[in-house]
Every structure is written in structure tokens, then in C-alpha cells.
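**Student:** A structural model of the following input is requested.
(3 chains)
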Amino acid sequence: MVVHKAFIEKAKLDELILSRLMPGEDLFAGLNKMARDHGIERGIILSAIGGLKDVVFVNVRHHAVIPVKTEDMIEIEEAGPFELLSLEGNFFPSLEDGAPVIHLHAILGTSSGSVSGGHLLKATVFTTAEIILGSIVGSSVYKAKSDVTRRMELLKK
Amino acid sequence: MVVHKAFIEKAKLDELILSRLMPGEDLFAGLNKMARDHGIERGIILSAIGGLKDVVFVNVRHHAVIPVKTEDMIEIEEAGPFELLSLEGNFFPSLEDGAPVIHLHAILGTSSGSVSGGHLLKATVFTTAEIILGSIVGSSVYKAKSDVTRRMELLKK
Amino acid sequence: MVVHKAFIEKAKLDELILSRLMPGEDLFAGLNKMARDHGIERGIILSAIGGLKDVVFVNVRHHAVIPVKTEDMIEIEEAGPFELLSLEGNFFPSLEDGAPVIHLHAILGTSSGSVSGGHLLKATVFTTAEIILGSIVGSSVYKAKSDVTRRMELLKK
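**Tutor:** Numbers count the residues shown, from 1 in each chain, chains lettered A, B, ... in the order given. Sure thing, here's the model as predicted:
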């Protein structure tokens, strides 16, 4: 098993990838396409704005401790639609097979002004999603599964 | 009428524009000034922190469907003041007249730790707004009105 | 005393600093280390994702006016753990002694999907914190204490 360690690495921002997704598109498929079509291996979301619906989050329960148990990860399903207020995330290649692993956290707004959010598992574009990715070059960071969180986390080779 | 389509475009980040807005300044006027004074046609908000008051949001109602009806867009007015927790957005020239069109989503915090947010129509700086814009070069993306959302959305020429 | 004024400054994004913090690490110590180890004087958080616990916020009270009184700044302590949904912030050298001053606003998610957030005073990494800083070059912006907000704010020399 891979042992995760803290690291600090210097890299460079290279190209920006701009995209506009259409109503009904799957958000994760759209992000994968942005990266794949331009051969981007590593990147971050620099800007995202639009609307989402049919959203699934999985968030950690209050008072959970590490290693996080499966029953401490709570799935939430919300139909929306919502304003997409914030989308944070990165994608790095899997240490195992090099496939891009996307980690996304979203914050959504409702018509009352109330807000919900979490670790995003699934989402569909409502009206539009205007996304700008920044590609990272000069990095040797990968993602590998952590036995502590059961998620794919950053690892420097 | 313009037909909106999905697109993916490669571009470059050019300069950063740093600004500190003062108490009482209009946020949109401040952002426009940042772009105009330095001749920035296209850009994104890379970082924003500070405080806002007298905020107006307009958010989509739960269970709305596209095309979004006017009565499904709900305006919310909040006096605050609030911590400015997140400001996502981009500006691109209008396809019609080239004037910059700013699209902003904000997330605000209160003294109880509760959070509200939405598509920003108006806001005044409370104490400070420290904003860093990134200018985009090599892009041929514009904004044009969508008949689906009644908002200005990204369009690649 | 220093008089704060609005400014607009052009600068450049230089290097990215990528880091993965470990469970139990102090978030502010981790960010300081990222900047110090690579000699970064000025920067912004471009991307952050992970989980936090033992969080302390201080937020402005509704209906507060400037100059903000001490009793209008409310401290909130939350044990969590939480999903780290958004981390906005910048660091610039203190005008007084050149030491880096970090200003952070965080938004956190719970297992119900509810969200809290504010001006961050303290936080501990729960499972991981994956942070990408962007360093800024060509800037002569500092931080100095404002008598209006009692916080360190941006100031152009």
C-alpha cells in the first residue's frame, strides 16, 4: 500500500482551457472532455459559474474520526436546480493507471439565498456551466487511494 | 437570434490586476474600473476577500425548468454587512457591442457562521474588497443573451 | 498611522506551489511553510480542497457599521470535521516588518449538506488539504493595519 506524506512542490501554470457546457450535460464528463481533448494531465479549476441540478454529495459526518468509516460518509441527493456558486477542485493522474482523477467540492444556492454544498459525486448542468481550467506543468504529483479517507489523494512520486 | 453551443477553447493567462476597493464603493463599478483601466477584455476572478453590504441576489427557484420563466427568478435583498467568503465570476465582451459583461456569484457569511449566496446583481463594499483578476489572452469567446436563461452566456465566435 | 486608499496594480503570476497537508497539521502553519520554503513573498490561493476540524471563525455582526467595534466581531468555534468547500485568501508582507500576513476565508460543509463559513482564525487538517498557491511578482502591495476594520488590509506603497 502507498503511504501518503506531506509534500511541497514548485510547478508552473501553463494553458487555460475554457469551456461552456450545455443544459443536461454531465459535469464530470464535461470536465474529463476538457482535459482529454487538450491532453492536460494535471490541472485545477480556476473559475466556474452557472447552474446545476440532480446533484449528489457525499460528506463526512460530525464527530467522525480518522480512519473514516463508511457509515461516517453520508450521501445527499438534491434535485435543484441551483445556482453554482463555487466549484473547487483538481485533477491529477492515478498512480495506478494514469487515468485522470477529479476531486470536486461544490457550493450551491437556492431561491431563498440558502446554500448547501459538499464533495460532489454527480451533477447535471441546468442552464450553463462556464468553466476555466488551468493546466499544471512541471509536477510529479499523482493520486492514490488513502486508507485513512477511502478517497484518492495527492501523492508526490 | 444567437444559438448557444458547447465549446472548448485553449487560451493563456496573461496579467494579474490587483485592486483594493474602499468602504462604500460599488463592487461592479470597481471591477469594471479594474478591467477598463488596464485594457483587459476578458478575465476571471482569481481571488477575492473582504466584506460586503446592501447585497441583491437573483436566484433560480427550486423545480424550475428551462426555458426559465421570469417568475422562477427570485430577487433577494440583504443589508448585511457580511464577510465576503467567495466571489466567482468572469467577464467577456458582449457580442453585440463589445462592452464587458460581468457575471458574478457571491457567497456571504454572517456572525452566526451561517452562509447565503447567489447570482449577484448589486453589492457595496463594507470594509474592504481585495480582488485579483486574471486577464485571458488568445480567446475568441464573447457573451450573448440566451433565450433559455435570459442571461448573457459564453459563446465562441 | 497609515492611510488606506483604493489602488489598481498590474502584476504577474509566477510559480505555483502545490502542497498536501496531513491529518492534524495546522492550516496556517502549513500555508506559511509553503510560502517560506520557496521564498514566496506575495501570493493567492488558487485551489484548495480537503477536510478541516477544530475551526475558529471571527465574523462581523449584522447591522455593524464602520469603524467596526470589537463587540461587533463574533468568534465562532466548531469542532467538525467538515468538508473544506472553499478557501479564499491572499498573503502579502507586513508593511512594518515584512513578515507574511495571511488573510483566509473558508466555507465548510457538514453531513446534512448545510454550510458555514467565515474569516478563519484557526483550523486543523482533518484528512487532507490539497492546496495550490500562485505566487505574484511585480507587485509593491503590502499589508497594514486598518483602524476601520482592525484587520491587516492591502496597501500599495
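**Student:** quick one: buried residues of the helix or strand hosting residue A:93?
**Tutor:** Using DSSP states H and E, residue A:93 sits in strand A:82-93. Buried residues in strand A:82-93, defined by neighbour count with 16 or more other C-beta atoms under 10 Å in any protein chain shown: A:82-92. C-betas here are computed from N, CA, C, even on glycine.
**Student:** Ok, stretch A:142-155 next?
**Tutor:** A:142-146, A:148-149, A:151-155.
**Student:** hmm, back to that, identify the farthest-apart pair in the buried residues of strand A:82-93.
**Tutor:** A:83 and A:92 (28.2 Å; C-beta to C-beta).
**Student:** Helix, strand or coil: sort out the residue of chain A positioned farthest from its centre for me.
**Tutor:** The outermost residue of chain A relative to its centre, with distances by C-alpha atoms, centre = their mean, is residue A:112 at 25.9 Å. Using DSSP: H, G, I helix; E, B strand; the rest coil, the structure places residue A:112 in coil.
**Student:** How about the strand holding residue A:93 and chain B, any contact?
**Tutor:** Yes: applying C-beta under 8 Å from any C-beta of the partner chain, one finds strand A:82-93 touching chain B at A:82-87.
**Student:** mind checking the SS state of the residue most central in space within chain A?
**Tutor:** Closest to where the C-alpha atoms of chain A average out (C-alpha atoms, centre = their mean) is residue A:104, at 1.8 Å. For residue A:104, the assignment made with three-state DSSP gives strand.
**Student:** so it bridges to which residues?
**Tutor:** residue A:89 (DSSP bridges).
**Student:** Would you confirm that it contacts residue A:118?
**Tutor:** No: counting by C-beta atoms under 8 Å, residue A:104 stays clear of residue A:118, with 9.8 Å between them.
**Student:** got any residues that touch both of the two?
**Tutor:** By C-beta atoms under 8 Å, 6 or more residues apart in numbering or on different chains, residue A:104 and residue A:118 have no common neighbours.
**Student:** all helices of chain A, in order?
**Tutor:** For chain A, helices defined by DSSP state H occupy the ranges A:27-37.
**Student:** pLDDT of the top strand by length along chain A, averaged?
**Tutor:** Counting residues, the longest strand in chain A under DSSP state E turns out to be strand A:115-137. For strand A:115-137, mean pLDDT is 98.
**Student:** and the angle for it with strand A:82-93?
**Tutor:** Calculated by axes from the mean of the first three to the mean of the last three C-alpha atoms, to 10 degrees, strand A:115-137 forms an angle of 30 degrees with strand A:82-93.
**Student:** list the buried ones in stretch A:126-134?
**Tutor:** So for stretch A:126-134, counting by 16+ other C-beta under 10 Å, buried means A:126-134.
**Student:** near chain C, which of those residues show up?
**Tutor:** Near chain C, by the rule C-beta under 8 Å from any C-beta, you find residue A:134 out of these.
**Student:** And for residue A:152, nearest residue in space, chain neighbours not counted?
**Tutor:** Of all residues not flanking residue A:152 in the chain, residue A:143 sits nearest, at 4.2 Å (C-beta to C-beta, 6 or more residues apart in numbering or on different chains).
**Student:** Mind listing the residues bridging to the one you found?
**Tutor:** Counting by DSSP bridges, the residues bridging with residue A:143 are residue A:94, residue A:154.
**Student:** any idea how far it lies from residue A:16?
**Tutor:** 22 Å (C-beta to C-beta, to the nearest Å).
**Student:** Over to residue A:85?
**Tutor:** Taken as C-beta to C-beta, the span from residue A:85 to residue A:16 is 21 Å.
**Student:** returning to that earlier point: and of the buried residues of stretch A:126-134, the nearest to residue C:11?
**Tutor:** Nearest to residue C:11 among the buried residues of stretch A:126-134, with distances taken as C-beta to C-beta, is residue A:134, at 16.9 Å.
**Student:** just checking, the closest one touches residue A:42?
**Tutor:** No: with contact defined as C-beta under 8 Å, residue A:134 does not reach residue A:42; the gap is 9.7 Å.
**Student:** Between its first and last residues, how far does stretch A:53-71 reach?
**Tutor:** Terminal residues of stretch A:53-71 lie 26 Å apart, using C-alpha to C-alpha, to the nearest Å.
**Student:** hmm, it touching chain C?
**Tutor:** Yes: judged by C-beta under 8 Å from any C-beta, stretch A:53-71 comes into contact with chain C through A:57, A:59-64, A:66, A:68.
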